[in-house]
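J.: Pasting the sequence and the predicted model now:
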Amino acid sequence: MYLLYFKWVSILIHAFEEFLDWRFMKNVCKNLMRICGLCCFLGALLFTACSEIVGADGDATLPPDANRTIVHKIYPNDMAKNDSAAANLARGIMLVVHPRASYTLSFDVDPSLPAPELQLFRTFEIEGETGRVGFSKVRTLSPTVVNNRYVYKFNCEENKMSIWFTSLGVDGKYYEGDVNNISFTGVGAYSDHFSINLIVVGSMEKTRDGKSVEELSRYMLKMFREKYYGVKIDTLYVRYAHEHPTLGHKYPANKPWVAGKNSDDYFVSELAGWPEDGLRNALNIVLVHSIDDKDIMGFSRLFAGVMGAGKEGSVVIGEHVQRSNVEIELMSSKNIVMTAIHETGHFFGLRHTSATKRDMSQTSILEDGSKIFMSDMSNADDGLTDTPFCKFVQENALYKQAEEHEFVRGDIYYLKRPNHLAKSDLTSCPDLDNVMFPVTVDEDLDVSFTKQQMNLVRSSLMIFPH
Ligand SMILES: [Zn+2]
C-alpha cells in the first residue's frame, strides 16, 4: 500500500469535468463545479472496498510519479485518439474499470527500447484525509507482442466501478519510449438488455405539446427502442419520487423540483437504485421541473458507468428550461426525449461527433493556484470512422464563451434562435443528423446513431454491472 499523496484536488475536478455533459448549458458557477467534482469522485472511490489483491509477483514496484498530477483518464472502447493519455501512461493515468470485465491495453512497439512492464494500482480514499488518495499495486504485467504492438491483458476483480492508476517501467525506471496509438478495450460480462426507470421528481405538468407523464413515458420508450437499435430495452418504468418507500416525504408531489436548488445533489442520486425488483439495476432517468442554471435542459456524465444505485450515475432532464431569472420555458415531448437520448449516449461513452471548444478547453486550478490544461486535442474527433467530423463546430462563434468559462463542458442546444444559425456553417456539417452532434440546429431533423456508435453503447452496457 502506498500513501504517496497526489494532488488530489485537481484530480477531483478533472473527474467531474471529463464525465459530465451539460445539455443546453451556458453558465455554471465554478465553485459549484468544484464541489460537485469532489462528491462525484469520492463517490467513485468509496466503491472500491474490495479484497486486497496485492501482486504476489515480488516485482519491484514503480508507483505513479508523485511529482505529477494525474489528469488523464481512459475508458474502454473509446476510439478517440487519447494521445495525452498515451504520453502519460508511463508516469500515471487513470483507467476506468468495472467488475468481471476483461481488458486489453496496447500500443505500438518502440524498437529503440526494451519492452516495458505495466503496473496497475487500485486507488482508495484515505480515512480522515479528505482530499488525498492512496493506492496499492494490483499487479505487474509483461506484454506480448502482436502485430508490432505491445499487448497487456488483465481482468478487473473489483466489486464496483473503480479507477486504477498505471505506471510503465523498465528495470524500476519509467519507460522513456514512445507510446503511440494507444488502445484500451474491454469486454463485459453482463447482458445487452436493460430497463429504464423514469423517476419523476416533484410536480409535473403536461408538456408543451400536451403530453401527460404517462404519455411522455410511452413516447420515450418508443423513441429509445427506435434510436438504440443495437441493444434491447426491456421495460420503461415510471416511478414517482413522492411514492418512494423511504424517501418519499422529501419529494412532495405538489412542488416543482429544481435540480441543484432543492438539494445540493444535482443528480438526486439517492433516488437511484429504486428498491424494487427489476428497477434496482435500471438506467435512471430523472425528470425534474427544471435545472437551476440558465439554458440547461439535461446532463449526464461521460461513460457514467453506474446502472442502479450510485452517486451521480443518472441522466437528468428538465421539463422546463430557465431562460433568465424570471423566464422559464416549457419543453415539447420531442425536446425532452431527444435530450434524454443524447445524454444517455454520453452515459454509455459516446463523445460528440465533433467536439466543441468547450469540450476541448478544460483546465483546472491546482492547490498552489497554478493552472493545468487537461484536455486532449487529439480527442476532438470521436475516432469512429462512420461519424463524419465537422471542423465548423470548433470554429463556430457560438462557442466563444467557452474561453471565458474554462470549467464549462457542455452542449448548446438552440431551440428558438434560428436567426443565430441562419448564417452558420453548422448547417452544412456532415454529422448534423447524428444524435451526438453537439448542437441541435433543427429540432425537426431526424437524428440517429451509426453502427459504430451502437457497438460502443452495447459494449459499455455489457461492462456496466446490471
Ligand atoms: Zn452532449
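T.: In hand now; what should we look at?
J.: okay but residue 347 is in contact with residue 284, surely?
T.: No - when contacts are counted by C-beta atoms under 8 Å, residue 347 is not listed as touching residue 284 (9.7 Å). Heads up, the C-betas are built off the backbone N, CA and C, glycines and all.
J.: shared neighbours, these two?
T.: Residues touching both residue 347 and residue 284 (C-beta atoms under 8 Å, 6 or more residues apart in numbering): residue 315.
J.: tell me the contacts of residue 178?
T.: Per C-beta under 8 Å, 6+ apart, neighbours of residue 178: 108, 110.
J.: Give me the secondary structure label for it.
T.: Three-state assignment for residue 178 (DSSP: H, G, I helix; E, B strand; the rest coil): coil.
J.: And for residue 461?
T.: What three-state DSSP gives for residue 461 is helix.
J.: neighbours around it, how many?
T.: Residue 461: 24 surrounding residues under other C-beta atoms under 10 Å.
J.: Thought residue 231 was touching it, still the case?
T.: Yes - using C-beta under 8 Å, residue 461 is in contact with residue 231, at 5.7 Å.
J.: Below-threshold pLDDT in this structure: ranges please.
T.: 1-59, 129-132, 364-367, 396-424 (pLDDT under 70).
J.: Could you chop it up by domain?
T.: Domain ranges of the chain: 8-187, 193-350+449-463, 357-428, per automatic domain parsing.
J.: Please, where are all the strands along the stretch 351-466 of the chain?
T.: Here the stretch 351-466 of the chain has its strands, by DSSP state E, counting those that start in this stretch, at 363-365, 371-373.
J.: partner strands of the last one, parallel or antiparallel?
T.: Strands that pair with strand 371-373, judged by DSSP bridges, come out as strand 363-365 (antiparallel).
J.: one step back: turn the domains of the chain into CSV, including distance to residue 440.
T.: Below are these laid out as CSV (distance: least, C-beta to C-beta, whole Å):
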stretch, distance to residue 440
domain 8-187, 9
domain 193-350+449-463, 8
domain 357-428, 5
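J.: Could you say which one of those comes nearest to residue 439?
T.: Ranking the domains of the chain by proximity to residue 439 (C-beta to C-beta) places domain 357-428 first, at 5.3 Å.
J.: Let me see the contact set for the residue of the chain most remote from its centre.
T.: Distance from the C-alpha centroid of the chain, by C-alpha atoms, centre = their mean, peaks at residue 112 (36.7 Å). Counting by C-beta under 8 Å, 6+ apart, residue 112 makes contact with residue 177.
J.: Give me the three-state assignment for it.
T.: Applying three-state DSSP: residue 112 is coil.
J.: in the protein, which spans are helices?
T.: 8-19, 30-46, 83-88, 213-227, 333-347, 357-360, 392-395, 418-422, 451-463 (DSSP state H).
J.: okay, and the common contacts of residue 461 and residue 231?
T.: Shared contacts of residue 461 and residue 231 (C-beta under 8 Å, 6+ apart): 192, 194.
J.: residue contacts, residue 435?
T.: Going by C-beta under 8 Å, 6+ apart, residue 435 touches 227, 338, 341, 342, 345, 447, 448, 449, 453.
J.: Residue 190: neighbouring residues, count only.
T.: Per other C-beta under 10 Å, the neighbour tally for residue 190 reads 18.
J.: Hmm, residue 458 and it touching each other?
T.: No - the pair residue 190 / residue 458 is not scored as a contact, 10.9 Å apart, by C-beta under 8 Å.
J.: What distance do you get for residue 387 to residue 369?
T.: Distance of residue 387 to residue 369, computed by C-beta to C-beta, to the nearest Å: 39 Å.
J.: ignore the last one, residue 283
T.: Residue 283 sits 40 Å away from residue 369, going by C-beta to C-beta.
J.: what about these two, which has more around it?
T.: A side-by-side neighbour count of residue 283 and residue 369, using other C-beta under 10 Å, places residue 283 first with 27 against 6.
J.: I'd say that one and residue 199 touch.
T.: No - if you go by C-beta under 8 Å, residue 283 and residue 199 don't touch, sitting 10.7 Å apart.
J.: ok, the most centrally placed residue in the chain to the ion distance?
T.: By C-alpha atoms, centre = their mean, the chain has its centre lying nearest to residue 302, at 1.5 Å. Distance of residue 302 to the ion, computed by C-beta to the ion, to the nearest Å: 9 Å.
J.: Quick check: phi and psi at that residue.
T.: Dihedral pair for residue 302: phi -70, psi 130, per degrees, to the nearest 10.
J.: Verify the stated contact: it with residue 349.
T.: Yes - between residue 302 and residue 349 there is a contact at 6.8 Å, judged by C-beta under 8 Å.
J.: ok, and the closest non-adjacent residue to residue 151?
T.: Leaving out its chain neighbours, the residue that sits closest to residue 151 by C-beta to C-beta, 6 or more residues apart in numbering is residue 106, at 4.5 Å.
J.: Who is that neighbour paired with across the strands?
T.: Here residue 106, judged by DSSP bridges, has bridge partners residue 151, residue 183.
J.: just residue 136 next, same as before
T.: Residue 136 has these beta-bridge partners by DSSP bridges: residue 122.
J.: ok, now how distant is it from residue 356?
T.: Following C-beta to C-beta, the distance that separates residue 136 from residue 356 is 38 Å.
J.: likewise residue 81?
T.: Taken as C-beta to C-beta, the span from residue 81 to residue 356 is 17 Å.
J.: Please apply the same query to residue 267.
T.: From residue 267 across to residue 356, the span is 22 Å (C-beta to C-beta).
J.: before we move on, what about residue 74?
T.: According to C-beta to C-beta, residue 74 and residue 356 sit 21 Å apart.
J.: Quick check: the residue of the stretch 51-200 of the chain nearest the ion.
T.: Of all residues in the stretch 51-200 of the chain, residue 80 sits closest to the ion, at 14.3 Å by C-beta to the ion.
J.: Look up the closest residue to the closest residue to the ion within the stretch 101-250 of the chain, ignoring the ones flanking it.
T.: As assessed by C-beta to the ion, the ion sits closest to residue 227 within the stretch 101-250 of the chain, at 14.6 Å. Nearest residue to residue 227, sequence neighbours excluded (C-beta to C-beta, 6+ apart): residue 341, at 5.2 Å.
J.: close enough to count as contact, that neighbour and residue 222?
T.: No - Residue 341 lies out of contact with residue 222 (C-beta under 8 Å); the separation is 11.4 Å.
J.: Among those two, which residue is more densely surrounded?
T.: Using other C-beta under 10 Å, the more surrounded residue of residue 341 and residue 222 is residue 341, with 22 against 12.
J.: Show me the strands in the stretch 101-250 of the chain, by range?
T.: Using DSSP E, counting those that start in this stretch, strands in the stretch 101-250 of the chain cover 102-108, 117-125, 133-141, 144-146, 149-155, 162-170, 173-174, 183-187, 193-200, 232-240.
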